[in-house]
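Undergrad: Fold the stuff below for me.
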Amino acid sequence: MKPEASGSDENLLRLVASALACLSRQRTVPNPVYPAKVQDAYNRLVLHCLRRAAEPPGSVAEMCRWAAELPLEAWPLTLPSESRVGESRLVDKETRLPHQLCLEWEVSAADPAAELFENERILEALAICRAAKAPDAYTAFRALLTSKPVLTGAELALLGGDPECGMLLHSVIKRCYEPVPASYLRDGAYRQCARCRCLMVPLHRGGHRCELDRCRREGTGGEGERLRPDRGGVFQLGRPLRMFVTSPGLAEIELEVALKKKFGITAQMWPHYDAYDLRVPLPGGRNWAVDVKDRVNPVLLARTLTPFRTQPPYDRAFLVVPRYRFRDNEAYGRQFRRNLPDELADRVTLLDDRAFLRLVGQIVADQPDTRTDARTEKGGSHA
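TA: Residues are numbered from 1 along each chain as shown. Coordinates of the predicted model:
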């Protein structure tokens, strides 16, 4: 029996997460100072605290301080234990930017700004490429968002003449990128993470920090590479796109490269206008479909998962998550499985990236009649 999808406290958490994300995107002081969705989230949080006989935050600014300083378990919210991920806070205490966990709660809302922002751009690009019968242009578009989250003004302008995707999708691409705020500039330069190429956030105590979970946790960004301001400006992908397209896109490309290097397998990326992330050809004419997700919360991932599209056809479907998520949360697979809708339980297999590569290795070594079951793999979970 699956846990209930959500209660009133989870809905309140979604409202607060959406409000925090909304505040983080403001570039000027509006009138009124706080948008309606922010004021509404604050009012509901205050009312909730009073009903629970808990001291409420004294202002919207105090609500933001809670988000940066208090782990979710310290909030006066009754949440299922699986809805909490360690002692995660919604906002980074030093950069004062929402963590990915906050954006995941926002995306799980009924009408989230981040999901609309991401899907509007992606769906528009899909529609244009389908109308032009140009699947390669869509693949190039996704590769651009993954490999170049930051562009100078000159680079953005030159994309209009790029035959791969710019000539067809230049207007969409321009709306994916936004001017970089001055807060990212220090000592006359920006810093790009050595791994993901996103801009790093300057810290008050000195140094820089990458916004993406994997770079921050594994220390792969280092101090970054200097990028001087361009006369035409510097632009970066909107934050939802950085979190939910660039970040998993890097994991997708790393998996593609590993398949080629280890087994000589050439996976097809984002086939048939992004039916899924990778189509992996195997001995005996079989094909596996893979979606790569880099999510903090396995419960929200399970609840929002939808069936893979059936074209191009495949023999098995896999959801692959970077290994570090399983290291951070040893119950990741079990929590995912318990919250997965019944209709998907036998249709998709969850594995970490290393377990998936081991499974492919077994298939290749035992070709063509291997019957290895992913449930025997350690480090992953059969969904």
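
Undergrad: so where's the stretch 201-350 of the chain uncertain?
TA: Applying pLDDT under 70 to the stretch 201-350 of the chain picks out residues 220-222.

Undergrad: ranges for the strands of it?
TA: Along the stretch 201-350 of the chain, counting by DSSP state E, counting those that start in this stretch, strands occupy 201-202, 208-209, 225-227, 234-237, 268-269, 278-281, 287-292, 316-321, 349-352.

Undergrad: would TSV of the ones you listed with mean neighbour count and distance to residue 185 be doable?
TA: (Each C-beta comes from the backbone N, C-alpha and C, glycine too.) Output for those, formatted as TSV (neighbours: other C-beta atoms under 10 Å; distance: least, C-beta to C-beta, whole Å):
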stretch	mean neighbour count	distance to residue 185
strand 201-202	19	8
strand 208-209	20	11
strand 225-227	15	10
strand 234-237	22	9
strand 268-269	18	34
strand 278-281	20	37
strand 287-292	22	33
strand 316-321	23	34
strand 349-352	24	37
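
Undergrad: For residue 338, which of these is the nearest?
TA: strand 349-352 (11.8 Å; C-beta to C-beta).

Undergrad: Can you spell out which helices and strands pack onto the closest one?
TA: strand 316-321, helix 323-328, helix 332-339 (3 or more C-beta pairs under 8 Å, 6 or more residues apart in numbering; DSSP states H and E).

Undergrad: hmm, try it at 6 Å
TA: Strand 349-352 sits against strand 316-321, with contacts defined as 3 or more C-beta pairs under 6 Å, 6 or more residues apart in numbering; DSSP states H and E.

Undergrad: tilt between the strand it packs on and strand 287-292?
TA: 20 degrees (axes from the mean of the first three to the mean of the last three C-alpha atoms, to 10 degrees).

Undergrad: buried ones in stretch 140-153?
TA: 140-146, 148-153 (16 or more other C-beta atoms under 10 Å).

Undergrad: circling back: closest to residue 169 out of the strands of the stretch 201-350 of the chain?
TA: Among these, the nearest to residue 169 by C-beta to C-beta is strand 234-237 (14.1 Å).

Undergrad: What distance do you get for residue 194 to residue 159?
TA: As judged by C-beta to C-beta, to the nearest Å, residue 194 and residue 159 stand 24 Å apart.

Undergrad: what's the answer for residue 45, then?
TA: 43 Å.

Undergrad: and what of residue 77?
TA: Noted for residue 77: a distance of 45 Å to residue 159, by C-beta to C-beta.

Undergrad: Secondary structure, distance to residue 226 and pLDDT for the buried residues of stretch 140-153 - can I get that in JSON lines?
TA: Putting the buried residues of stretch 140-153 into JSON lines (DSSP: H, G, I helix; E, B strand; the rest coil; distance: C-beta to C-beta, whole Å; pLDDT from 0 to 100) gives the following:
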{"residue": "140", "secondary structure": "helix", "distance to residue 226": "28", "pLDDT": "93"}
{"residue": "141", "secondary structure": "helix", "distance to residue 226": "28", "pLDDT": "94"}
{"residue": "142", "secondary structure": "helix", "distance to residue 226": "28", "pLDDT": "93"}
{"residue": "143", "secondary structure": "helix", "distance to residue 226": "25", "pLDDT": "93"}
{"residue": "144", "secondary structure": "helix", "distance to residue 226": "23", "pLDDT": "94"}
{"residue": "145", "secondary structure": "helix", "distance to residue 226": "23", "pLDDT": "94"}
{"residue": "146", "secondary structure": "helix", "distance to residue 226": "22", "pLDDT": "94"}
{"residue": "148", "secondary structure": "coil", "distance to residue 226": "17", "pLDDT": "95"}
{"residue": "149", "secondary structure": "coil", "distance to residue 226": "16", "pLDDT": "96"}
{"residue": "150", "secondary structure": "strand", "distance to residue 226": "12", "pLDDT": "96"}
{"residue": "151", "secondary structure": "strand", "distance to residue 226": "16", "pLDDT": "95"}
{"residue": "152", "secondary structure": "strand", "distance to residue 226": "13", "pLDDT": "93"}
{"residue": "153", "secondary structure": "helix", "distance to residue 226": "18", "pLDDT": "91"}
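
Undergrad: Which pair in those has the greatest spatial separation?
TA: Checking the buried residues of stretch 140-153 with C-beta to C-beta, the most distant pair is 142 and 153, at 22.6 Å.

Undergrad: between residue 194 and residue 159, which one's more packed in?
TA: residue 159 (19 against 15; other C-beta atoms under 10 Å).
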